[in-house]
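Participant: coordinates only, no sequence provided:
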């Protein structure tokens, strides 16, 4: 084997054959540098060594001694193997047990001086070390007697194997060029990259881990922040359409509405209209709680676009939601502007169904001001006369390629407005949406009744079912949400199919009940939802597919089975499906859990109706990764960083600005390469 370099294939490393290299490939490890950047996800602290005479059951520690005996044998139970040894030091001896590792008796010999790290089990009279990590004292000492890194694994790869391979290539870290300017490293008191990589794998103390994690996490957020600022800079170098603000006509339109705008709605609308007036591409996110009135704000932007004789496209993630938005906008504008709908199965212009050919011609001539639709709008055959504004509802559900396709349908870069009903604490906005200007709607429209929310235990089910029955008798409708599609004994949660059968046959046999889940064909989903919206179906049993956007004003009850399986933010999204009209609405959180912390978390829902506060509480309970996921905007690249580390995000943002002010990306080819390799989902690229 020749000299090992960063790009050496792992199959060429010592003790790695084709079988092992194919298993490593499953972990994304193909060359030596992949091993270096494959970080631990936790650590076992075996740095404290204990005399055998001082061992106690439950203690996790390291023992150093002489191997006095060792043997392997088969057990009677399912032909399992058992390896037993005795290790002694000057203070005493202790039994060591390994299960299903018969090769250990070949690796170790009586008389070897070994280091063992693990947990002491048993009682005071019969203690033993249970399957400890082991190595000879004369060896490198990477598995015992220190802080030991623990890595995510795949079948056929062991921790010892991975640590051994990483230890063999870690010296190559010196060949990795630090791609962040030295001034930033110094200003932020960061380790240099080589040292951070060494310490993240083989730390001598918890302080080493903290320092290394800080540097590596900083890098990840810095790259996101720099990308965001470069995108903004790039946008500012392009032209968009100058959308003149028609003040008098806008005031006239607002005064015609049968409700008053909240101050937050007015502010958000003005921010969007000001962006569009500048002639630079708007790239804005409107973040508002469920029912806060984001659609009206976007309507004001679309109205002014139409007054400028230009077109808007409004994208929704599903046909049902697209149709809802079409109806809402048609009612709001009341023929002031021409609104069309385009989905896989529907083509409507100003209230009337048209042929596909007619729709395409009308759109191309600019005779539709606002085109509402699903990804059907993105089809190549759809042409616009002058698409100046793109609005995307629940923007995270659309991929970068879909947004790119829309951009290609316009001569200039269209203004881009995202809407989301997923409240994100302000502390996250800097990191999550660094490339977007942010408008927040926190005020709710006047006259909304607070949704009564209750946690329902096992002994209250019967009375709650009676209450739900009375709501249906009064003409109202009900949502029932379940976590899973199929039965799951492991989790012990009610599946949507089981729940449907139970409610349909036993609990509400005289009520029309519908079933909705993600495995239904699109046409079947649309049929079920249409029947629910029209009132044919009185109770809809569904998975979380119903979470965002569906507006059924007659629905007054949201019943959630196994509610402890959902986060607070998601429960709040479900709750937002009811309370959309004048009727008093209710949310029942069913849970059979006896866990105090779980019940305490659910009780927060009954006291709090502010989605932003609940999102912050969810953040505290579960962490950002579980709530928002890392798949958007490059967060799948996060190995060390946490979305809720506000201080680090601020530091990274300041440093990214410092870079933009003082350096050119061309001076740092390695940094440019890393940005290119991140596959970031730009909102406009």
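Facilitator: Received the coordinates, thanks. Since the model is a prediction, treat every value here as computed from it, not as a measurement.
Participant: tell me how many other residues crowd residue 591.
Facilitator: Using other C-beta atoms under 10 Å, residue 591 has 19 neighbouring residues. C-beta coordinates here come from the backbone N, C-alpha and C atoms, glycine included.
Participant: who's in contact with the nearest residue to residue 155 once chain neighbours are set aside?
Facilitator: Leaving aside its chain neighbours, residue 155 sits nearest to residue 23 (7.2 Å; criterion: C-beta to C-beta, 6 or more residues apart in numbering). Going by C-beta atoms under 8 Å, 6 or more residues apart in numbering, residue 23 touches 154-157.
Participant: ok, 10 Å please
Facilitator: By C-beta atoms under 10 Å, 6 or more residues apart in numbering, residue 23 lies in contact with 16, 29, 153-157, 161.
Participant: show only the entries of these found in helices.
Facilitator: residue 161 (DSSP state H).
Participant: just the buried residues of the contacts of residue 23.
Facilitator: 16, 29, 157, 161 (16 or more other C-beta atoms under 10 Å).
Participant: widest-spaced pair of those?
Facilitator: 29 and 161 (11.4 Å; C-beta to C-beta).
Participant: okay, and the helix or strand of this protein with the least pLDDT?
Facilitator: Taking mean pLDDT, DSSP states H and E as the measure, the chain has helix 624-628 as its least confident helix or strand, at a mean of 48.
Participant: and the next helix or strand past that helix?
Facilitator: The helix or strand immediately downstream of helix 624-628 is helix 646-662, counting by DSSP states H and E.
Participant: so for that following helix, mean pLDDT?
Facilitator: Averaged over helix 646-662, pLDDT sits at 88.
Participant: now the helices for the stretch 1-150 of the chain?
Facilitator: For the stretch 1-150 of the chain, the helices defined by DSSP state H, counting those that start in this stretch cover 18-26, 32-36, 104-107.
Participant: mind listing what's buried along the last one?
Facilitator: Applying a neighbour-count criterion of 16+ other C-beta under 10 Å, the buried positions in helix 104-107 are 104-105.
Participant: tell me how far that helix lies from the chain's centre.
Facilitator: Computed by C-alpha atoms, centre = their mean, to the nearest Å, the separation of helix 104-107 from the middle of its chain amounts to 45 Å.
Participant: what packs against that helix?
Facilitator: Other elements packing on helix 104-107 under the criterion 3 or more C-beta pairs under 10 Å, 6 or more residues apart in numbering; DSSP states H and E are strand 60-74, strand 81-89, strand 92-99, strand 126-136.
Participant: what residues does it touch?
Facilitator: For helix 104-107, the external contacting residues (C-beta under 10 Å, 6+ apart) are 70-73, 81, 83-85, 96, 98, 101, 131, 134-136.
Participant: phi, psi for residue 184 please.
Facilitator: Main-chain torsions, residue 184, degrees, to the nearest 10: phi -70, psi -40.
Participant: and what of the one 10 residues further on?
Facilitator: As for residue 194, its main-chain torsions (degrees, to the nearest 10) stand at phi -60, psi -50.
Participant: count of neighbours near the nearest residue to it once chain neighbours are set aside?
Facilitator: Leaving aside its sequence neighbours, residue 194 sits nearest to residue 173 (C-beta to C-beta, 6+ apart; 4.7 Å). Residues within reach of residue 173, counting by other C-beta under 10 Å, total 19.
Participant: picking up where we left off before, of the contacts of helix 104-107, buried ones?
Facilitator: Looks like the contacts of helix 104-107 have 70, 72, 81, 83, 85, 96, 98, 131, 134-136 buried, using 16+ other C-beta under 10 Å.
Participant: ok, the residue nearest to residue 583 when sequence neighbours are not counted - contacts?
Facilitator: Sequence neighbours aside, residue 556 is the residue nearest to residue 583 in space, at 4.9 Å (criterion: C-beta to C-beta, 6+ apart). Taking C-beta under 10 Å, 6+ apart, we find residue 556 in contact with 449, 451, 468, 471-472, 474-479, 578-581, 583-587.
Participant: surely residue 556 is in a strand?
Facilitator: Yes - with DSSP: H, G, I helix; E, B strand; the rest coil as the criterion, residue 556 is part of a strand.
Participant: and it, what pLDDT?
Facilitator: Per-residue confidence (pLDDT) for residue 556: 95.
Participant: gap between it and residue 586?
Facilitator: Residue 556 is 6 Å from residue 586, where distance means C-beta to C-beta, to the nearest Å.
Participant: now the common contact residues for the two.
Facilitator: In contact with both residue 556 and residue 586: 451, 468, 471, 476, 478, 578-579, using C-beta under 10 Å, 6+ apart.
Participant: mind naming the longest helix for this structure?
Facilitator: The chain, longest helix under DSSP H: helix 206-236.
Participant: what helices or strands is whichever helix or strand comes after that one leaning on?
Facilitator: Going down the chain from helix 206-236, the next helix or strand is helix 247-256, by DSSP H and E. If contacts are counted by 3+ C-beta pairs under 10 Å, 6+ apart, helix 247-256 sits against helix 263-277, helix 294-307, helix 319-333.
Participant: deepest-packed of the helices of the stretch 1-150 of the chain, please.
Facilitator: With neighbours taken as mean count of other C-beta atoms under 10 Å, these reach their highest mean count in helix 32-36, at a mean of 21.
Participant: quick one: which of the buried ones among the contacts of residue 23 sit in strands?
Facilitator: If you go by DSSP state E, those have nothing in strands.
Participant: out of those, which is nearest to residue 198?
Facilitator: residue 29 (18.2 Å).
Participant: you'd agree that closest one is up against residue 37?
Facilitator: Yes - taking C-beta atoms under 10 Å as the definition, residue 29 is a contact partner of residue 37 at 9.1 Å.
Participant: residue contacts, residue 288?
Facilitator: Counting by C-beta under 10 Å, 6+ apart, residue 288 makes contact with 262, 264-265, 268, 294-295, 297, 419-423, 439-444, 611-612.
Participant: if we can go back for a sec, among the buried ones among the contacts of helix 104-107, which one sits closest to residue 336?
Facilitator: Distances from residue 336 to the buried ones among the contacts of helix 104-107, taken by C-beta to C-beta, are shortest for residue 131, at 73.7 Å.
Participant: pretty sure the closest one sits against residue 120.
Facilitator: No - applying C-beta under 10 Å, one finds residue 131 not in contact with residue 120, separated by 11.9 Å.
Participant: domain ranges for the protein, per the record?
Facilitator: 1-41+149-173, 48-145, 247-278+293-420, 452-608 (automatic domain parsing).
Participant: now do the end-to-end distance for the second one.
Facilitator: Right, domain 48-145. One end of domain 48-145 to the other measures 7 Å (C-alpha to C-alpha, to the nearest Å).
Participant: what separates it from the chain centre, distance-wise?
Facilitator: Chain-centre distance of domain 48-145: 42 Å, with C-alpha atoms, centre = their mean.
Participant: quick one: mean pLDDT over that domain.
Facilitator: The model assigns domain 48-145 a mean pLDDT of 89.
Participant: so residue 148 bridges to which residues?
Facilitator: In this entry, residue 148 is beta-bridged to residue 44, by DSSP bridges.
Participant: how near is it to residue 66?
Facilitator: 22 Å.
Participant: average pLDDT across the longest helix of the chain?
Facilitator: The model assigns helix 206-236 a mean pLDDT of 89.
Participant: so what's the residue nearest to residue 658 when sequence neighbours are not counted up against?
Facilitator: Distances taken as C-beta to C-beta, 6+ apart put residue 184 closest to residue 658, at 6.2 Å, once the chain neighbours are dropped. By C-beta under 10 Å, 6+ apart, the contact set of residue 184 is 190, 218, 222, 651-652, 654-656, 658-659, 662-663.
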